[in-house]
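*Asks:* Okay, here's the prediction I keep looking at, along with the sequence it came from:
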Amino acid sequence: MSFSAPAALAESVCTAKDQGSGFRLFSHLLCLLLPLAFWFAPLGIEPRTQHGLAIVGFMVLAWMTQAMEFAIAGFVGCFLFWALGVARFNVAFSGFASDTPWFLFAALLFGRIAGKSGLARRMAYSIMLRVGSTYSQILLGLIITDFLLTFIVPSGMARVVILASIALALVEAFRAEKGSNIARGMFLILTYTGNLFDKMLLAGAGSITAAGAMTKFGGVEVLWGVWMFAFLPCSILTVFVAWRLTLWLYPPEQTVLANGKEFFRQELAAMGPWTSLEKKAALLIGTAIALWVTDFVHHVPPAMIGLGVALFALLPRVEVLHEEDMRKLNYMPVFFVATALSMGNVLEVTKGLDVLTTVVFSGIQPYLSNIFSTTAIMYWAGFVYHFFLASEISMLATSMPLVMEFAKSHGVNALMLGMVWTFSGGGKLFAYQSGVLVVGYSYGYFEPRDLIRVGLWLTVVEFLILMLLVPFYWPLIGIY
């Protein structure tokens with residue numbers, strides 16, 4: 001990840017570290033003492049169930065407070081399931097035998113293919129060249145590029161880094177100051193839409209984790225193509241709503257970029273003609289997308305397609321990727337997803353899932369009487385729940401088994417309920433809720449209050465769109 005955070009941000013991080021030592025000690029004690037108290041409390045629950053829930057409590061608290069790296073906390077929890085006799089080894093670590101973490105692994109490799117080959121940057125500059133040279137057109141081009149890049153770079157964080165390099169050049173070309181509306185608007189919206197588009201396609205760790213849990217615990221087939229078409233109207237509307245919202249909230253100080261088209265032509269010219277590596281990358285990614293979009297015909301699992309194409313890129317003679325590319329990958333998100341799925345499997349085996357489902361959904365169950373109230377309540381319940389489980393991956397991994405159990409026990413369409421719950425994770429107000437937002441914020445071009453401002457508007461708009469899609473559009477494509 002090649003970006004440099006400003007010195008002021010680095011200084012504030014150092015200050016936060018000094019001030020946060022007390023919180024870290026508190027979070028460590030919380031993660032230890034509360035699960036221990038639950039383990040020994042006379043609750044009248046079957047011991048194996050209670051002990052499993054105590055370890056789950058440790059994992060969730062560690063993820064909420066970020067007392068340790070997510071994947072490490074997950075590994076510790078899985079080990080405790082096994083070592084303390086709550087579950088056998090093949091159950092305690094069963095998430096590693098699921099296709100979900102390997103789909104995420106394939107997504108990381110796809111991001112590496114698109115970034116290393118230069119295909120992502122060429123695509124971005126080509127789109128920007130065609131949209132125009134006014135600030136309004138350039139802003140629209142950034143948002144459209146963000147969405148289209150989601151197909152070939154299924155990681156919001158990677159897309160933010162790619163588009164930020166373009167935005168930095170544009171800010172300089174506009175001769176805009178760091179606190180200007182031009183700079184703020186571009187960085188803010190490419191960051192926030194990068195987070196949103198990861199929910200509208202099976203892209204990014206959050207939606208991939210959710211899809212895996214829906215298949216495992218809901219017994220539903222989650223198809224890449226169906227997911228894309230289900231949210232396609234929302235994707236299109238989001239592009240234009242985000243564009244108009246940004247122009248309204250942050251009107252530019254300068255409306256036209258002098259020699260704007262020439263700027264993009266020069267950037268493309270500097271890249272030269274299409275290289276062999278770019279052509280190979282385009283062919284591989286295009287093949288994967290074609291197979292994903294048509295998976296409702298051939299029913300080959302998306303993970304199998306992604307992993308097969310990604311591994312093909314590593315073969316001799318193909319050599320789009322090499323050994324060093326594998327070494328540069330961050331495997332921690334893959335491990336985290338695997339341990340989170342393992343936790344869900346243990347909850348199911350120990351009957352802890354039944355206990356949690358009863359506790360969590362008992363209050364809202366009477367209100368889930370029709371498609372409209374169910375959609376509204378599940379969306380806003382997921383939005384609020386996300387405040388407590390900061391990471392969207394941990395939010396979805398820990399809650400989706402409960403959502404699926406509720407759907408099965410009450411005769412609700414599990415696919416519909418799971419997709420609404422996943423989408424509710426897209427609404428965010430604070431950077432700590434998503435790695436995508438953290439990366440965008442680290443450039444220092446917008447403030448926390450800007451994120452709240454845009455986040456509130458888009459969260460409400462996405463809800464209104466969802467209230468039209470679920471009852472009226474989704475039944476037309478077989479989701480009800």
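*Replies:* Received it, and whenever you're ready, just let me know what you need. Values in this document were obtained by computation on a predicted structure and should not be read as measured data.

*Asks:* hey, let's count contacts and neighbours off CA atoms from now on
*Replies:* Fine.

*Asks:* buried set for the strand or helix carrying residue 462?
*Replies:* Following DSSP states H and E, one finds residue 462 within helix 448-468. Neighbour counts using 16 or more other CA atoms under 10 Å place 450, 451, 454, 455, 458, 459, 461, 462, 463, 465, 466, 467 of helix 448-468 among the buried residues.

*Asks:* Same question for stretch 427-445.
*Replies:* For stretch 427-445, by 16+ other CA under 10 Å, it's 427-437, 439-445.

*Asks:* Please export the C-alpha coordinates of that stretch as CSV.
*Replies:* Below are the C-alpha coordinates for stretch 427-445, written out as CSV (Å, rounded to 0.1, in the frame of the first residue of the first chain):
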residue,chain,number,x,y,z
GLY,A,427,-24.2,2.5,6.3
LYS,A,428,-21.4,4.0,8.3
LEU,A,429,-20.7,7.2,10.2
PHE,A,430,-17.2,6.7,11.6
ALA,A,431,-13.9,5.6,10.1
TYR,A,432,-13.3,2.9,12.7
GLN,A,433,-16.2,0.9,11.2
SER,A,434,-14.3,0.0,8.1
GLY,A,435,-10.8,-0.5,6.9
VAL,A,436,-11.8,1.2,3.6
LEU,A,437,-12.8,4.3,5.5
VAL,A,438,-9.6,4.2,7.6
VAL,A,439,-7.5,4.1,4.4
GLY,A,440,-9.3,7.0,2.8
TYR,A,441,-9.2,9.1,6.0
SER,A,442,-5.5,8.5,6.4
TYR,A,443,-4.8,10.8,3.4
GLY,A,444,-6.0,13.7,5.5
TYR,A,445,-8.2,15.3,3.0
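
*Asks:* Can you tell me which of the buried residues of helix 448-468 comes closest to residue 297?
*Replies:* Taking CA to CA as the measure, residue 297 lies nearest residue 466 of the buried residues of helix 448-468, at 26.3 Å.

*Asks:* Could you pull up the residues touching that closest one?
*Replies:* Contacts of residue 466 were listed using CA atoms under 8 Å, 6 or more residues apart in numbering, and they are 234, 375.

*Asks:* Would you check how far apart it and residue 245 are?
*Replies:* Residue 466 sits 18 Å away from residue 245 when distances are taken as CA to CA, to the nearest Å.

*Asks:* ok, now residue 401?
*Replies:* Using CA to CA, we find residue 401 at a distance of 35 Å from residue 245.

*Asks:* what about these two, which has more around it?
*Replies:* For residue 401 versus residue 245, the count of surrounding residues by other CA atoms under 10 Å is larger for residue 401: 29 against 16.

*Asks:* ok, and the closest non-adjacent residue to the more buried one?
*Replies:* Counting by CA to CA, 6 or more residues apart in numbering, residue 217 is the residue found nearest to residue 401 once chain neighbours are left out, at 5.7 Å.

*Asks:* Enumerate every residue touching the one you found.
*Replies:* Residue 217 sits next to 401, 404, 405 when contact means CA under 8 Å, 6+ apart.

*Asks:* would you turn the residues you listed into CSV with pLDDT and secondary structure?
*Replies:* Output for these, formatted as CSV (pLDDT from 0 to 100; DSSP: H, G, I helix; E, B strand; the rest coil):
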residue, pLDDT, secondary structure
401, 87, helix
404, 90, helix
405, 85, helix
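
*Asks:* Please identify which of those residues is nearest to residue 234.
*Replies:* Nearest to residue 234 among those, with distances taken as CA to CA, is residue 404, at 23.6 Å.

*Asks:* That closest one: neighbour count?
*Replies:* Residues lying near residue 404 (other CA under 10 Å) number 26.

*Asks:* Spatially nearest residue to it (excluding sequence neighbours)?
*Replies:* residue 218 (4.8 Å).

*Asks:* and the end-to-end length of stretch 386-397?
*Replies:* Start-to-end, stretch 386-397 (CA to CA) is 12 Å.

*Asks:* So what does residue 322 look like in phi/psi?
*Replies:* phi -130, psi 180 (degrees, to the nearest 10).

*Asks:* same question, residue 426
*Replies:* Backbone geometry at residue 426, expressed as degrees, to the nearest 10, gives phi -80, psi -30.

*Asks:* Who are the contact partners of it?
*Replies:* Taking CA under 8 Å, 6+ apart, one finds 195, 196, 199, 459 in contact with residue 426.

*Asks:* Among those, which lie within helices?
*Replies:* Per DSSP state H, helices hold the following members of the contacts of residue 426: 195, 196, 199, 459.

*Asks:* Tell me which two of the residues you listed sit farthest apart.
*Replies:* Using CA to CA, the ones in helices among the contacts of residue 426 span at most 13.0 Å, a distance reached by 199 and 459.

*Asks:* where's residue 409 relative to residue 355, distance?
*Replies:* Taking CA to CA, one finds residue 409 at 13 Å from residue 355.

*Asks:* let me fix that: residue 83
*Replies:* Remark: distance between residue 83 and residue 355 (CA to CA) = 23 Å.

*Asks:* Now do the helices in the stretch 351-480 of the chain.
*Replies:* Along the stretch 351-480 of the chain, counting by DSSP state H, counting those that start in this stretch, helices occupy 352-361, 371-388, 392-409, 414-424, 435-441, 448-468.

*Asks:* which helices and strands does the fourth one pack with?
*Replies:* Right, helix 414-424. Under the contact criterion of 3 or more CA pairs under 8 Å, 6 or more residues apart in numbering; DSSP states H and E, helix 414-424 touches helix 181-200, helix 204-218, helix 371-388, helix 392-409.

*Asks:* out of those helices, nearest to residue 238?
*Replies:* The closest of those to residue 238 is helix 181-200. By CA to CA, the value is 8.2 Å.

*Asks:* for the protein, what helix or strand is lowest in average pLDDT?
*Replies:* Every helix and strand of the chain was ranked by mean pLDDT, DSSP states H and E. The lowest is helix 7-19, at a mean of 43.

*Asks:* Now distance to residue 47 too, for the helices and strands packed on helix 414-424, in TSV please.
*Replies:* Shown next, in TSV, are these (distance: least, CA to CA, whole Å):
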stretch	distance to residue 47
helix 181-200	38
helix 204-218	23
helix 371-388	27
helix 392-409	21
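
*Asks:* Looking at these, which is nearest to residue 305?
*Replies:* So among the helices and strands packed on helix 414-424, helix 204-218 is nearest, using CA to CA, at 13.7 Å.

*Asks:* Between helix 392-409 and that closest one, find me the angle.
*Replies:* Put simply, helix 204-218 runs at 20 degrees to helix 392-409, going by axes from the mean of the first three to the mean of the last three CA atoms, to 10 degrees.

*Asks:* Put the alpha carbons of helix 204-218 into PDB.
*Replies:* Taking C-alpha atoms only, helix 204-218 is exported to PDB below (Å, rounded to 0.1, in the frame of the first residue of the first chain):
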ATOM      1  CA  GLY A 204     -14.600  -7.400  -0.300                       C
ATOM      2  CA  ALA A 205     -14.300  -9.500   2.800                       C
ATOM      3  CA  GLY A 206     -17.600  -8.300   4.300                       C
ATOM      4  CA  SER A 207     -20.000  -9.500   1.600                       C
ATOM      5  CA  ILE A 208     -17.900 -12.600   0.900                       C
ATOM      6  CA  THR A 209     -18.100 -13.600   4.600                       C
ATOM      7  CA  ALA A 210     -21.800 -12.900   4.700                       C
ATOM      8  CA  ALA A 211     -22.400 -15.100   1.600                       C
ATOM      9  CA  GLY A 212     -20.400 -17.900   3.100                       C
ATOM     10  CA  ALA A 213     -22.400 -17.800   6.400                       C
ATOM     11  CA  MET A 214     -25.700 -17.600   4.500                       C
ATOM     12  CA  THR A 215     -24.800 -20.800   2.600                       C
ATOM     13  CA  LYS A 216     -23.500 -22.600   5.700                       C
ATOM     14  CA  PHE A 217     -26.200 -21.600   8.200                       C
ATOM     15  CA  GLY A 218     -29.100 -20.800   6.000                       C
END
